[in-house]
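Asker: from the sequence below, what's the structure:
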Amino acid sequence: MGQIKVENCGDIEGLKVITPTVHGDNRGYFMETYNKREFFEAGIDVEFVQDNQSASKKGVLRGLHFQKEFPQDKLVRVIKGEVFDVAVDIRKGSKTYGKWFGVVLSEENKKQFFIPKNFAHGFLVLSDYAEFCYKCSDFWHPNDEGGLAWNDPEIGIEWPRLIGEYRGSASAEGYKLEDGCDLTLSDKDQGWSGLKDTF
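Answerer: Numbering: from 1, shown residues only. Next comes the predicted model:
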C-alpha cells in the first residue's frame, strides 16, 4: 500500500480512518480517494453501489441514521468545510455495543471514515458551510430508515463546540455552538429515541 494510511479507531472493531497521500505542486494537488485493491489490502472488502453528496450550513446536525433490514457500509469524507463525524456501534452481541467514535473530517485534512454495516451514523457541521460525500454498499430504502437520538445520554457523544442542556428528548431547543450559532435538526432527527427504547 502506498497511497493510503489506515488507522483503527480505538477498541471498536471495523471502524477505520483513512488518510490519502496528497501529491501537491504549484498547480494544486492530486490524490486517490478510492482504490479497490488498496482498500482490500487494508481489510475493507466492500462493493460500493451508490455515491451521495449533501450540503449543510453551520450548526446542522444530521443523524444518527442507519438502515434496519438493508444495512450499509459507508465511506465518508468532506470536500468543503469541516464536520465532526460520528459512528455508534449497534451490532447485537458486539463487545463495544453502544460505544461511539468521532473524527473531524475536513477539506484540509482530507481524511475519510469507513463505517461498517450496523453502525448508526451522524455528523455536526462546524464550518460556515460543508459539502459531505459518501459511498454506500447498499441502496437507500426509504421504508427501512432507523435512527437514534443524537443526545442519548446512554451513548454520551461529546459533540465538539456544542453547549446546551439535556431535556429528555432529541430536540435541538436550547443547544448552540460556542459562537452562538443555533443547532439545526430535521423534524425526523428530533423524533428518534435512545438506544434502550430503539433496540
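
Asker: looking at this protein, which residue ends up farthest from its center?
Answerer: For the chain, the residue at maximal distance from the C-alpha centroid (Cα atoms, centre = their mean) is residue 26, at 32.5 Å.

Asker: can you give me the pLDDT of the residue nearest to residue 30 when sequence neighbours are not counted?
Answerer: Residue nearest to residue 30 in three dimensions, not counting chain neighbours: residue 23, with 4.8 Å by Cβ to Cβ, 6 or more residues apart in numbering. C-beta coordinates here come from the backbone N, C-alpha and C atoms, glycine included. For residue 23, the pLDDT comes out at 93.

Asker: how many neighbouring residues does residue 23 have?
Answerer: Burial of residue 23 is recorded as 11 neighbouring residues (other Cβ atoms under 10 Å).

Asker: going forward, count from 774.
Answerer: Happy to do that; since the first residue is 774 now, the last one works out to residue 796.

Asker: now do the same end-to-end measure for stretch 840-850.
Answerer: 20 Å (Cα to Cα, to the nearest Å).

Asker: need the contact partners of it.
Answerer: Here stretch 840-850 makes contact (Cβ atoms under 8 Å, 6 or more residues apart in numbering) with 791, 806-807, 817, 819, 821, 839, 858, 878, 883-891, 894, 896, 905-914, 917-919.

Asker: quick one: buried residues of that stretch?
Answerer: Neighbour counts using 16 or more other Cβ atoms under 10 Å place 840, 844-850 of stretch 840-850 among the buried residues.

Asker: and the helices in this protein, which stretches?
Answerer: According to DSSP state H, the chain carries its helices in the segments 809-814, 968-971.

Asker: who wins for proximity to residue 865 among those?
Answerer: helix 968-971 (11.8 Å; Cβ to Cβ).

Asker: alpha carbons only: can I get the closest one in PDB?
Answerer: Presented in PDB, the C-alpha positions along helix 968-971 are these (Å, rounded to 0.1, in the frame of the first residue of the first chain):
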ATOM      1  CA  LEU A 968     -30.600   3.200  22.500                       C
ATOM      2  CA  LYS A 969     -32.700   1.400  25.100                       C
ATOM      3  CA  ASP A 970     -36.000   2.300  23.500                       C
ATOM      4  CA  THR A 971     -34.900   1.500  19.900                       C
END
